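S.K.: test case, fold it:
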Amino acid sequence: MESVEVGAVIPAAGSGKRMNVSVNKIMLPLLGRSVLEHTLEVFLASDLIKILVLVVKTDEKDGVYHQIRGIDNKYGKKIVFVDGGAERQESVVNGLEYLRRWTGWKVRKRLVVIHDAARPLLTKELLRQSLMAGLDYGAVGIGVPLKDTIKQVDSEGIVVATPDRSKFWGIKTPQIFDLDLLLECYQKVNESGLLFTDDCGVVEYCGHPVKLIPGSYENLKITTPEDLILAEAILRRRENADRPGI
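M.R.: Residues are numbered from 1 along each chain as shown. Below you'll find the model as predicted:
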C-alpha cells in the first residue's frame, strides 16, 4: 500500500450502562489487560496504520492515558487523543477532523479505518483484508450472515412480517473509507440533522455504494457481562492454539 496511507479512528467515549458498571466498559479487565488495550494492539502492531486517533470523554482522558501509555510506547507512540462528543457520530467527526488537519500525511490518497473501542477480538488478518478491500472500493464494511430468524413487530409487539434472513447481515467494525469521501458525507449528514449508528450508513445516505466483506462472529462487541465472559474464553482458546505442542 505504498500509494496510500491509513489512519485509524477509535471511538471510545461510550459508557457502561448495559454492563451495569460505573466505569467506561473499555476499562474493564480482560485477561490481565483492559478491553481497550486488547482493541488497540492489533492497530498499533500493524505497519499499515500510520496514526491512531483515540476519541475519549474529556474527563476520562487522564485515566485512559495512564491505562494505555505502556502499549503506546511499545509500538512507537502512534496514539493521539481527541475529545469525544455527546453522540458517537459527533465523536467520529471529531476524529476525522483531526485526521483532515494532520500534517503527517505523505501521499494524497488516504484511508480511514473506524473501529469500536469495545471490540477487542479483531484479528490482524481481518484488519489486513478489510484494508485491502477499502483500497479497492473506497467504502467497506465488515459483516456476518444473521443466524436467527428476524421478526418485524408493531408498537404492541405483534409480528407483522418475517423478512428473508438470507438477505440480511449483522454489521460490525472495522469499517474503511476514503477519508475525503467520509468527511464529505458526514458534512451532508450533519447538515440534515440525521443521526446514524454506523459509518457505512452515512456513506449510503450520500448515495455511495458500500462493499460488505465477510467478518467473524468472534469479533463481538462488549455490551453485556456475558460478552466479557465469552471474550475471555475466545482469547484463552487463541492463546492455547498459539502455544507449541498444544
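S.K.: which residue ranges of the chain form strands?
M.R.: For the chain, the strands defined by DSSP state E occupy 4-11, 29-30, 33-34, 49-56, 79-83, 109-114, 139-145, 152-153, 159-161, 169-178, 211-214.
S.K.: and the ones you listed as a markdown table, adding mean neighbour count and mean pLDDT?
M.R.: All C-beta atoms are positioned from the backbone trio N, CA, C, and that covers glycine. Below are those laid out as a markdown table (neighbours: other CB atoms under 10 Å; pLDDT from 0 to 100):
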| stretch | mean neighbour count | mean pLDDT |
| --- | --- | --- |
| strand 4-11 | 24 | 97 |
| strand 29-30 | 15 | 96 |
| strand 33-34 | 18 | 96 |
| strand 49-56 | 23 | 97 |
| strand 79-83 | 19 | 97 |
| strand 109-114 | 22 | 98 |
| strand 139-145 | 21 | 97 |
| strand 152-153 | 10 | 96 |
| strand 159-161 | 9 | 98 |
| strand 169-178 | 23 | 98 |
| strand 211-214 | 14 | 98 |
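S.K.: will you turn those strands into JSON lines that also has distance to residue 96?
M.R.: Converted to JSON lines, these look like this (distance: least, CB to CB, whole Å):
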{"stretch": "strand 4-11", "distance to residue 96": "6"}
{"stretch": "strand 29-30", "distance to residue 96": "28"}
{"stretch": "strand 33-34", "distance to residue 96": "25"}
{"stretch": "strand 49-56", "distance to residue 96": "8"}
{"stretch": "strand 79-83", "distance to residue 96": "10"}
{"stretch": "strand 109-114", "distance to residue 96": "7"}
{"stretch": "strand 139-145", "distance to residue 96": "14"}
{"stretch": "strand 152-153", "distance to residue 96": "34"}
{"stretch": "strand 159-161", "distance to residue 96": "36"}
{"stretch": "strand 169-178", "distance to residue 96": "9"}
{"stretch": "strand 211-214", "distance to residue 96": "20"}
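S.K.: for residue 65, find the nearest of the ones you listed.
M.R.: strand 79-83 (6.8 Å; CB to CB).
S.K.: so what strands line up beside the closest one?
M.R.: Applying DSSP bridges, strand 79-83 is found paired with strand 49-56 (parallel).
S.K.: quick one: the partner strand to strand 109-114, angle?
M.R.: Between strand 49-56 and strand 109-114, the angle comes out at 40 degrees (axes from the mean of the first three to the mean of the last three CA atoms, to 10 degrees).
S.K.: now do strand 49-56: everything it contacts.
M.R.: 5-13, 40, 43-44, 64, 68, 78-84, 91-92, 94-95, 98-99, 102, 104-105, 113, 117 (CB atoms under 8 Å, 6 or more residues apart in numbering).
S.K.: C-alpha coordinates for it, PDB please?
M.R.: Only the C-alpha atoms of strand 49-56 are listed here, as PDB (Å, rounded to 0.1, in the frame of the first residue of the first chain):
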ATOM      1  CA  ILE A  49      -1.600   2.200  10.300                       C
ATOM      2  CA  LYS A  50       0.200   5.500  10.300                       C
ATOM      3  CA  ILE A  51      -1.700   7.200  13.100                       C
ATOM      4  CA  LEU A  52      -4.400   6.200  15.600                       C
ATOM      5  CA  VAL A  53      -6.900   8.800  16.900                       C
ATOM      6  CA  LEU A  54      -8.500   7.700  20.200                       C
ATOM      7  CA  VAL A  55     -11.700   9.600  20.900                       C
ATOM      8  CA  VAL A  56     -12.500   9.800  24.600                       C
END
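S.K.: measure stretch 102-118 end to end?
M.R.: End-to-end span of stretch 102-118 (CA to CA, to the nearest Å): 25 Å.
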